[in-house]
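Peer 1: Coordinates only, no sequence provided:
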């Protein structure tokens with residue numbers, strides 16, 4: 001196995017970086033990993049586990065970080081679905097040139113599934129199989145859900161907000177006003193209003209409702225960040241991880257899905 005750092009530029013001439021895992025012998029196909037919001041593919045346990053399992057079967061893997069994340073340059077505050085989508089296309093081009101293959105697998109976690117959805121029409125003929133990990137496809141409702149959770153922590157933390165009751169506490173006018181705030185603080189970054197204003201009306205669920213796509217959907221039944229019920233699409237191939245959270249990285253969770261995902265991709 002060979003592991004190398006790879007660099008390429010986005011449309012703003014910012015350097016993006018990733019880790020490429022290459023088999024010793026013939027490369028049969030490539031896999032590209034898309035991380036979630038404020039995450040990074042280069043260091044997440046689940047992506048390394050996938051790459052390490054695939055490399056012995058002749059599969060090369062690119063784990064790259066979007067701008068402002070992980071090893072890549074740029075400021076996360078300017079993140080939008082469109083921007084990350086364009087960076088994804090640059091990553092595909094660079095990776096294909098590296099491994100001399102046009103077809104690939106795509107592994108997308110959380111918000112990364114939205115990035116994939118935004119570009120799926122352009123790269124449809126290049127994708128062999130897709131694995132969606134806790135996909136945050138229903139941005140329209142999820143953004144409102146997360147807003148209510150954060151608001152209620154300030155107003156009345158005794159009330160527990162969940163997917164079933166959040167609409168009872170949603171004040172749409174306040175949500176829309178909140179979307180317009182500049183330099184809103186996320187977990188570890190500021191972010192500009194463009195992210196919310198361009199995402200608040202999108203539900204990407206139906207984009208994957210295509211019988212010709214080979215998709216494996218993996219989701220934890222204890223995922224409070226992106227509840228399973230938030231999805232408006234039913235996948236034929238699905239693994240529900242018992243006790244699974246949003247990261248799906250704890251050993252007892254990986255044990256439930258990792259080998260099954262590898263088998264899905266290779267068979």
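Peer 2: It's in. Since the structure is predicted, the reported quantities are computational estimates derived from the model, not experimental observations.
Peer 1: any idea how far the spatially closest residue to residue 128 that is not a sequence neighbour is from residue 119?
Peer 2: Nearest non-adjacent residue to residue 128, counting by CB to CB, 6 or more residues apart in numbering: residue 103, 5.0 Å away. Just so you know, the C-beta spots here come from the backbone N, C-alpha and C atoms, and that holds for glycine as well. Using CB to CB, to the nearest Å, we find residue 103 at a distance of 16 Å from residue 119.
Peer 1: Show me which of those two is the more surrounded one.
Peer 2: For residue 103 versus residue 119, neighbours defined as other CB atoms under 10 Å are more numerous around residue 119 (18 against 13).
Peer 1: next one: phi and psi at that one?
Peer 2: Dihedral pair for residue 119: phi -120, psi 0, per degrees, to the nearest 10.
Peer 1: if you skip the residues just before and after it, what's nearest to it?
Peer 2: Once flanking residues are discounted, residue 119 sits nearest to residue 85: 4.7 Å by CB to CB, 6+ apart.
Peer 1: what kind of secondary structure is that neighbour in?
Peer 2: State at residue 85, reduced to three classes by DSSP: H, G, I helix; E, B strand; the rest coil: helix.
Peer 1: List the contacts of it.
Peer 2: 115, 118, 119 (CB atoms under 8 Å, 6 or more residues apart in numbering).
Peer 1: any idea which of those is closest to residue 239?
Peer 2: residue 115 (21.7 Å; CB to CB).
Peer 1: Am I right that that closest one is in a helix?
Peer 2: Yes: if the criterion is three-state DSSP, then residue 115 is within a helix.
Peer 1: gap between the closest residue in space to it that isn't next to it in sequence and residue 134?
Peer 2: Excluding its sequence neighbours, the residue lying closest to residue 115 (CB to CB, 6+ apart) is residue 84, at 4.6 Å. Distance of residue 84 to residue 134, computed by CB to CB: 17 Å.
Peer 1: So which of these two has more stuff around it?
Peer 2: residue 134 (28 against 25).
Peer 1: Surely residue 52 is within a helix?
Peer 2: Yes: judged by three-state DSSP, residue 52 forms part of a helix.
Peer 1: Am I right that it is in contact with residue 21?
Peer 2: Yes: under the criterion of CB atoms under 8 Å, residue 52 makes contact with residue 21 at 7.4 Å.
Peer 1: what's the overlap in contacts for these two?
Peer 2: Common neighbours of residue 52 and residue 21 (criterion: CB under 8 Å, 6+ apart): residue 1.
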